[in-house]
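> just to be clear, the model below is a prediction. Sequence and coordinates:
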Amino acid sequence: MVALLVVGAISTPSYAKTTQYNLTIERLPVNITGKTMEKVTVNGGIPAPTLRFTEGDDVVIHVTNKMKEDSSIHWHGLLIDPAMDGVPTFNGFPGIRPGETFTYRFHIRQSGTYWYHAHSMAQEQDGLYGSIIAAPKKETIKADRDYVIVLSDFIEEDGDTVMSNLKMMSDYYANARLTIGDFFKDVGERGWDKAWNDAKDWGDMRMARTDLSDVTGYTFLTNGKSPEQNWTGIFKPGERVRLRFINASAMSFFDVRIPGLKMSVVQSDGQNVEPVAVDEFRFAPAETYDVIVTPQDSKPYTIAAESIDRSGFAIGTLATSEGQRGKIPALRPRALLTMGDMNMEMMMKDDPDMEMTPADMISGWAKAGTPEGDKALSYADLRYAGIQKDTRQPERTIDVKLGGNMERFIWTINGKKFSEAEPIKLRYGERVRLAFTNETMMAHPMHLHGMFVQLENGQPAEKLPNKHTVIVPPGGSYSVLLTADEAGEWAFHCHLLYHMMAGMMTKVVVAKLDPGDVPPPAKTTTTPATSGGHHATH
Amino acid sequence: MQRIKTYLLASCFSLTLAVPALAEDMAGMNAKGFKMEHGGETFHMFRLETDTGVSRGDSVSSWDLDGWIGTDENKLWIKSEGEHKDGKLEEAELWAMYSRNISTFWDAQAGLRYDFEPRGTGYFVAGFTGLAPYYFETEAHLFVSEHGDVTGRLREENDILITQKLILQPYAEVNLSAQDVPEQDIGAGIADGKIGLQTRYEFTKKFAPYIDVHYGRKFGETASIAESDGEDKDELVGAIGLRLMF
Ligand SMILES: [Cu+2]
């Protein structure tokens, strides 16, 4: 394995050091599930190494592509010079050609837990993902132990094959569809009329109530380890243990719990929030949550991240020594989608006479099976730990309609695939509301590059939490606020990998109209990435 | 006949060119190329069913190929089906169509069909394919032969899941004719129809052995012609086969 090179602290001015990493992307045989197959590795492993920075650092990362195809790395959640954001063809970034080394240079303007991944084809599914820890100049979250928990979904096929399978047949991976037996069971439980009418309604719409995850057959990994390999984090009873959960999976939502432990959520998407005590949380691909747990007993605790289609767990263990294993909880029953997961407006257009009772309108997707009395995190609980600087009302609302055609595996934003879309244009400095409407029956985690949005989650304006990725539930709507204070071209897409590949992406352009009336941005100067010159420190 | 074959080949070729994204991807990563990677890519799906069985003591074997290559919107759609009976090729069709996505569940199609057997005949084809409510896979096509005869075909199939892998697929097909076509032993009206049940076991979606049982019969004038030729007007076929997707 290639050793990780960290040239820390070239500390001429003591407050700005340059941190350097070398990353090599290569397709290599890996064996995680007992079978050897070629996957995308970084420095020989999956996941890619954890990159550690301190707020204020200058960062130089040399990325060498040893594959036969173009590659790229995007630094997910970092406020960054757009040319360094890593989306091919955006802001002049050409991608990384086979055999070439691209040098990323940027300044760390924030702290928190972030991650990085490929933005080329399906390389993220194939293994190109890793964690970033940006330490604050002064840590306010006290912990005795600090672990990154990178959760991912591992599949034997190549990501590109998964995509072409989905295009062949959008239900290619649907392996928990309702059978004739399920129908008669339903008749037995609810009577013929109710069962038949439901089957009729869903048949009429040509949709499946079991459509929670588009891709199945995954082995879920914790820090690259299968449940059998059991990643273990060591603690001493009474210690405060910080767990940095990153959902680095391509397609899988997880419900995360550690039976026997309350989790205190202290950070979301790298941004500190006021602590919230929960028993479990659901998170989408690309979201992150930092939690503090304080295990008191000298016994193993199981970190159980259950995929929402209930096809399995990512498993890890907190233990006082290696080799211990706690109980793995039983899989919860999977939820079925309901009429409450449909977009009402769309449905009424289709069939104005459709009869709905309030019970029909409860979302099936949202049912996590949380036990009575347990607390599951909700977006409404999140309060920014500081005071938001920009509390202006938005000047305008931008509608973001999430659409698609499940039958053909087409996914769109405002009716257009990325291949057809015009960019969303924002004025530098303007405050806008992004109003999401989900016209589909799947949840979409929407990620905006380069800037944080603030959830309009009912908290006071100065307490709205920052997020880089926002779940828009099936059939539902959600809105966020955005201060467009980072000029550049930013990708804006669903973070379900195959939805993005199918077209659920657009470009947000933040344009400085007149350089004279804009304050100088507080960010690093950019040397052309290919010049290789010495990087200026601040 | 040679002329028709040339037409078929030429139109397959030009249909291929009509699939826009096929011409992409030569110049490396430019803005257009990256855009096309997100919604404009070319994919394909072909399904081949081949089986062999018996009908009234005769051995029968048949094939059915159905599939496409193209983008979400524009596809080249290929179909071919045929039947051997007692070692003799009795029916053989090859279709090539341009298929355009016109709504969530439907494609409109137009192209050419050529029958090698029972006699060499070329057709223009126009029709629809898609998913009707209650998950009915539907194909409806109208044909105009090189002699100007108008015929049509409607086909429906549906999947019933016994388990996730064991699937019953009832299907039905009917062939219609607007006029008598004496050369093909077809009378005006409903010419023939078929209902069947395929029971398959999907080891994977790409590999599924099956048992097929179907009953087909000729109707009206077409049936009378068959009878006067000393042929059966109906048949019951049992077969085992393999369904592949690639
Ligand atoms: Cu999506």
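Looks like it came in fine.

> any idea how far A:His76 is from A:Tyr116?
Separation of A:His76 from A:Tyr116 (Cβ to Cβ, to the nearest Å): 6 Å. The C-beta positions use only the backbone N, C-alpha and C, and glycine is treated the same way.

> likewise B:Gly39?
Look at B:Gly39 and A:Tyr116: by Cβ to Cβ, they are 24 Å apart.

> specify the helix with the largest residue count in chain A.
For chain A, the helix with the greatest residue count under DSSP state H is helix A:192-205.

> buried residues in that one?
A:Ala195, A:Asp198, A:Ala199, A:Asp201, A:Trp202, A:Met205 (16 or more other Cβ atoms under 10 Å in any protein chain shown).

> rebuild these as TSV, extending it with distance to B:Ser145 and pLDDT.
What follows is those, written out as TSV (distance: Cβ to Cβ, whole Å; pLDDT from 0 to 100):
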residue	distance to B:Ser145	pLDDT
A:Ala195	48	90
A:Asp198	46	87
A:Ala199	42	90
A:Asp201	43	86
A:Trp202	41	89
A:Met205	39	85
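
> tell me the one among those residues nearest to chain B.
When these are compared for distance to chain B (Cβ to the nearest Cβ), A:Met205 wins out at 7.9 Å.

> show me what the spatially closest residue to B:Gly196 that is not a sequence neighbour is bridged to.
What sits nearest to B:Gly196 in space, not counting adjacent residues and going by Cβ to Cβ, 6 or more residues apart in numbering or on different chains, is B:His214, at 2.8 Å. According to DSSP bridges, the residues that bridge with B:His214 are B:Gly196, B:Val237.

> was I right about B:His214 contacting B:Glu173?
No: using Cβ atoms under 8 Å as the test, B:His214 is too far from B:Glu173 to be in contact (9.0 Å).

> please say which of these two ends up with more neighbours.
B:His214 (20 against 17; other Cβ atoms under 10 Å in any protein chain shown).

> and the more buried one, what's its pLDDT?
Listed pLDDT for B:His214 reads 96.

> in three-state terms, label residue 80 for me.
Answering for chain A, as no chain was given. coil (DSSP: H, G, I helix; E, B strand; the rest coil).

> oops, I was thinking of chain B
Classified using three-state DSSP, B:Ser80 is strand.

> I figured it was touching B:Leu94, is that so?
Yes: the criterion here is Cβ under 8 Å, and B:Ser80 meets it with B:Leu94 at 4.7 Å.

> quick one: secondary structure of residue 242?
Going with chain A. Of the three states, A:Arg242 takes strand according to three-state DSSP.

> what about the residue nearest to it when sequence neighbours are not counted, neighbour count?
Spatial nearest neighbour of A:Arg242, chain neighbours left out: A:Ala143 (3.7 Å); criterion: Cβ to Cβ, 6+ apart. If you count neighbours by other Cβ under 10 Å, A:Ala143 ends up with 17.

> which ones are touching A:Trp411?
Taking Cβ atoms under 8 Å, 6 or more residues apart in numbering or on different chains, we find A:Trp411 in contact with A:402-405, A:417, A:440, A:444, A:494, A:499-500, A:502-504.

> the same query, at a cut-off of 10 Å, please.
By Cβ atoms under 10 Å, 6 or more residues apart in numbering or on different chains, the contact list for A:Trp411 reads A:214, A:402-405, A:417-418, A:440, A:442, A:444, A:493-494, A:496, A:498-505, B:38-39.

> go on, A:Phe220?
With contact set as Cβ under 10 Å, 6+ apart, A:Phe220 has these partners: A:151-154, A:226-227, A:249, A:252, A:254, A:305-307, A:311-315.

> could you do A:Val215 as well?
By Cβ under 10 Å, 6+ apart, the residues touching A:Val215 are A:125, A:153, A:155, A:157, A:159, A:162-163, A:165-166, A:172-174, A:249-252, A:309, A:311, A:496-498.

> in three-state terms, label it for me.
Under three-state DSSP, A:Val215 falls in the coil class.

> output the longest helix of chain A in CSV with nothing but the alpha carbons.
C-alpha atoms of helix A:192-205 as CSV (Å, rounded to 0.1, in the frame of the first residue of the first chain):
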residue,chain,number,x,y,z
TRP,A,192,-61.2,-7.8,-0.2
ASP,A,193,-62.4,-4.3,-1.0
LYS,A,194,-59.6,-2.5,0.7
ALA,A,195,-56.9,-4.8,-0.7
TRP,A,196,-58.4,-4.8,-4.2
ASN,A,197,-58.8,-1.0,-4.3
ASP,A,198,-55.2,-0.5,-3.2
ALA,A,199,-53.9,-2.9,-5.8
LYS,A,200,-56.1,-1.3,-8.4
ASP,A,201,-54.9,2.3,-7.5
TRP,A,202,-51.2,1.3,-7.7
GLY,A,203,-51.8,-0.7,-10.8
ASP,A,204,-53.6,2.2,-12.4
MET,A,205,-50.6,4.4,-11.7
